[in-house]
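Enquirer: from the sequence below, what's the structure:
(2 chains)
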Amino acid sequence: MRLKYVLSEVLVGLWRNVTMTIAMIITMAVSLTMLGASGLMYLQVDAMKDAYYKDIEVSIFLVAGVTEEQRTQLQTDLEGDPLVREVKYESKQEAYERFQKLFADSPDLVKAVQADKLPESFRVNLVDPEQYQKIFDTYKGREGIDDIIDQRRLLEQIFNILGAVQNMALVSASVMAIAALLLVANTIQVAAYSKRREVAVMKLVGASNWFIQAPFVLEAVVAGLLGAIIGFGALVLGKIFLLDGSLRDLTDLLTPIEWSTVLLMFPFMAGVGGLVSAVTAWVTLRFYLRV
Amino acid sequence: MIQLEQVTKTYPKASRPSLDSVSVSIEKGEFVFFIGPSGSGKSTIIKLLLHEVTPNKGRVMVNNKDVTSMRSWKIPNFRRSIGCVFQDFRLLPNRTAYENVAFALEVIGKTKAVARRVVPEVLELVGLGGKEHRYPHELSGGEQQRVAVARAFVNRPLILLADEPTGNLDPDTSIEIMRLLDRINRTGTTVVMVTHDSNIVNQMRRRVIEIESGRIVRDQARGVYG
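Expert: Below you'll find the predicted structure:
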């Protein structure tokens, strides 16, 4: 009976204040969508780092007039270097073949480059890709080396962009979250005010604190959860229409976001939405009802 | 039943204490009037007994429990042993007489079945038989106060506190309410009533404690308003 009472109070409370409830749910939903998106982005960047860094190489390009002796010495040194996992030598011929394959779409470009114009190089896999700087410092002054390029540097630019987008999503999620919190606090205050007589009587006759507070807290939690459901729906639509739709090419270039990852966001969003609403409502009641 | 020991209560920003080291002892089953001019501190006693305010000094004992040091989560349960009636009735306007009384039961966890059994009984007791389904605005002031008394008494509390219960009622109706409180007192319930209605005090001839400027100036076993 008490459960039934509490639940019916929740529904009545949400309905009595329906415009405020909708405002609360919408801000919650937008905030949680942002949060979910940035969560996805975070997992995505991690997955991409794992996928790309595994195959990443440091390319040591040699000058055109490198001597046999310099090259052999360099190879021996690289093979003996504890930081290095694997060294592959790429001759001018191999570089040209790769070049041809890479730019097969643009035959003019391929024709314009002569086979011996491409530099020979060592392709080095590092034990720990983060140690690039050490390799660079050790070998940069060597005779016969033209340039040392870390592919990671290129990827890092992509990651930086993704990171910036993620930060933006997080910032807007927090700004929206503040608005959502204020709305929850306000809604709870209005609800408590409209039930002030009941609350006064309940306090007078000795209803327990949880019993007085539960309908208000649950009201906020229900709104938070509805917000999470709508926000999750927005993420799903985003995946269908943006990632798998108009941004298809970009998604293929990066690693694709799996449905399982998107699904993972739901408990996260629902948890954050429900918990944050509950805590806000409870704190508001502490100040406002002083039961 | 009720002991106040050297209780001093000063409200924030007040220039002098509402109660100034007041000591009172009330036995089980007594009927006590607290009288005195407005602002003398008599309503503060009700608030102290309900733990709505805490004293700055001294101890408040109710039913052998120290209310002063009571943990806040124990207060609701403590209040269930006290019934309370006010000048302004404090009924819920959108509920009938029956529902107002039943509400008080249901929010402390009693089932609807218990309410169905107990509420008509107590409404009958306060003389509202047949008016269970009227809303407060369909009842006279005296009848509304009867509903409030029914709500306060439905749990069979050990103590009934009444804060100027006749303040909004005409003399005849006031006397009817007093008869009702007297009947409740005869069931063994301790009644503490704050009032400045001299007629009533003179008629009842019960214990009178007079307060002036926060101090007890008179405590008389079968007193009059004076």
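
Enquirer: all contacts plus neighbour counts: C-alpha atoms, from now on.
Expert: OK.

Enquirer: and whichever residue of chain B sits closest to chain A, what element?
Expert: As assessed by C-alpha to the nearest C-alpha, chain A sits closest to B:Pro76 within chain B, at 4.0 Å. Using DSSP states H and E, the element containing B:Pro76 is helix B:75-79.

Enquirer: spatially central residue in chain B, please.
Expert: Geometric centre of chain B, nearest residue: B:Leu161, 1.6 Å, by C-alpha atoms, centre = their mean.

Enquirer: contact partners for residue 53?
Expert: Using chain A. Contacts for A:Tyr53 (C-alpha atoms under 8 Å, 6 or more residues apart in numbering or on different chains) come out as A:129, A:152.

Enquirer: look at chain B instead
Expert: B:44, B:47.

Enquirer: could you rerun that using 10 Å?
Expert: By C-alpha atoms under 10 Å, 6 or more residues apart in numbering or on different chains, the contact list for B:Val53 reads B:9, B:11, B:44-47, B:68.

Enquirer: what helix or strand is it on?
Expert: Assigned by DSSP H and E, B:Val53 belongs to no helix or strand.

Enquirer: spell out which residues of chain A are next to chain B.
Expert: With C-alpha under 10 Å from any C-alpha of the partner chain as the criterion, chain A meets chain B at residues A:1-2, A:5-6, A:195, A:197-198, A:200-212, A:291.

Enquirer: out of the residues you listed, which sit inside helices?
Expert: A:2, A:5-6, A:197-198, A:200-205, A:209-212 (DSSP state H).

Enquirer: who wins for neighbours among the residues you listed?
Expert: Using other C-alpha atoms under 10 Å in any protein chain shown as the neighbour criterion, A:Val205 leads these with 25 neighbours.

Enquirer: for that one, which non-adjacent residue is closest in space?
Expert: B:Arg80 (5.7 Å; C-alpha to C-alpha, 6 or more residues apart in numbering or on different chains).

Enquirer: can you get me a residue count around the one you found?
Expert: Neighbour count for B:Arg80, taken as other C-alpha under 10 Å: 22.

Enquirer: which ones are touching it?
Expert: Counting by C-alpha under 10 Å, 6+ apart, B:Arg80 touches A:203-207, B:104-105, B:108, B:152, B:155-159.

Enquirer: please repeat the previous calculation with a cut-off of 7 Å.
Expert: With contacts defined as C-alpha atoms under 7 Å, 6 or more residues apart in numbering or on different chains, the neighbours of B:Arg80 are A:205-206, B:157.

Enquirer: same check on A:Gly13?
Expert: Contacts for A:Gly13 were tallied using C-alpha under 7 Å, 6+ apart; they are A:191, A:219.

Enquirer: what's the per-residue pLDDT of it here?
Expert: A:Gly13 carries a pLDDT score of 81 in this model.

Enquirer: with B:Leu50 instead?
Expert: Listed pLDDT for B:Leu50 reads 91.

Enquirer: what's around it, how many residues?
Expert: 21.

Enquirer: need the next SSE after whichever helix in chain B runs longest, C-terminal direction.
Expert: Ranked by number of residues, the top helix in chain B under DSSP H is helix B:171-186. The helix or strand immediately downstream of helix B:171-186 is strand B:190-194, counting by DSSP H and E.
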